[in-house]
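**Student:** give me coordinates for this.
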Amino acid sequence: MSARLLAALVCLLIFGPCIGRAGSLPSPDHKVVLYLRSEQPQDAPTVTAMKRELEIQLKAGDYQIEWRSLGGSNGSEDGFIAIIELRGTCHAPKPGATLNRVSTGASLASTAVQDGQVLPFSWIYCQTLSEMLAPALASTKSGQRDFLYGRAMGRVLAHELYHVLSNEREHENGGVAKSSFSASDVLKDDFTLGESALLRMHAPDPGDDDAADAEESAAGR
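**Tutor:** Numbering: from 1, shown residues only. Alright, predicted model coming up:
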């Protein structure tokens, strides 16, 4: 890994505009139903790698992931429900692609909050992710590049679901639940949710769902 990867720290989380809560805390069997949506077609290999990585990350906390598409035929709603939106074009940038340099403090993803409660609505910003990863993936073969990009997406999504499932706005000191990532973080082989983060994800929800809309920012934490 080159030194420039370590310089590209990007803030992961800005809690976005509030919208109504669409789920309860995880059910006893820790089933999580994820509705995936996007305004444009996405690259199948990267989305497959993203899903696989998220399943690996949350399996350590005994969570079972079930993927669904909004507008498709749905099964029973017998688990915790969350909606994930992919924004932008989510695929590995080609070598030589012209991209802006990622800005310090730019967000890779965001999750909604209301009245201090973290809501199950999250967004991944693929343009920012592409800008961060382009230099590191420039010399990587096409198939491996797609896999690494999708795995990075899964790690970003695992960070957001840490907040959602724990109802916790604070971050951990290390691992996937820390406050900012570098390109080398999301590309290295061993980068997971730590034991402390997994314990928080199983803690009872101390809050209630009554609510006045509010917007909070966690940028720069």
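**Student:** doesn't L86 belong to a strand?
**Tutor:** Yes. Under DSSP: H, G, I helix; E, B strand; the rest coil, L86 sits within a strand.
**Student:** verify the stated contact: it with I124.
**Tutor:** Yes. L86 lies in contact with I124 (C-beta atoms under 8 Å); the separation is 5.4 Å. To be clear about C-beta, it is placed using only N, CA and C from the backbone, and glycine gets the same treatment.
**Student:** which of these two has more residues huddled nearby?
**Tutor:** Per other C-beta atoms under 10 Å, whichever of L86 and I124 has more neighbours is I124, with 24 against 21.
**Student:** show me the beta-bridge partners of that one.
**Tutor:** Beta-bridge partners recorded for I124 (DSSP bridges): L86, A109.
**Student:** following element in sequence after the strand or helix carrying V156, please.
**Tutor:** Using DSSP states H and E, the secondary-structure element containing V156 is helix 142-166. Next helix or strand after helix 142-166 toward the C-terminus (DSSP H and E): strand 180-181.
**Student:** strands paired with that next one, and their directions?
**Tutor:** Strand 180-181 has these partner strands in its sheet, going by DSSP bridges: strand 10-11 (antiparallel).
**Student:** what about the helix or strand encompassing S184, distance to the chain center?
**Tutor:** Applying DSSP H and E as the criterion places S184 in helix 183-187. Chain-centre distance of helix 183-187: 14 Å, with C-alpha atoms, centre = their mean, to the nearest Å.
**Student:** for it, packing partners?
**Tutor:** In this structure, helix 183-187 packs against helix 3-7, helix 126-137, helix 142-166, with contacts taken as 3 or more C-beta pairs under 8 Å, 6 or more residues apart in numbering; DSSP states H and E.
**Student:** need the residues that contact whichever helix or strand comes after that helix.
**Tutor:** Per DSSP H and E, the first helix or strand lying C-terminal to helix 183-187 is helix 195-201. Contact partners of helix 195-201, identified using C-beta atoms under 8 Å, 6 or more residues apart in numbering, comprise A60, G61, Y63, Y162, L165, S166, E168, E172, G175, V176, A177, L193.
**Student:** tell me the contacts of the closest residue to D43 other than its chain neighbours?
**Tutor:** Nearest residue to D43, sequence neighbours excluded (C-beta to C-beta, 6 or more residues apart in numbering): H91, at 3.7 Å. By C-beta under 8 Å, 6+ apart, the residues touching H91 are Q42, D43, T46, C126, S130, D146, Y149.
**Student:** wait, isn't the fourth one in contact with V156?
**Tutor:** No. In terms of C-beta under 8 Å, C126 does not count as a neighbour of V156; the distance is 9.5 Å.
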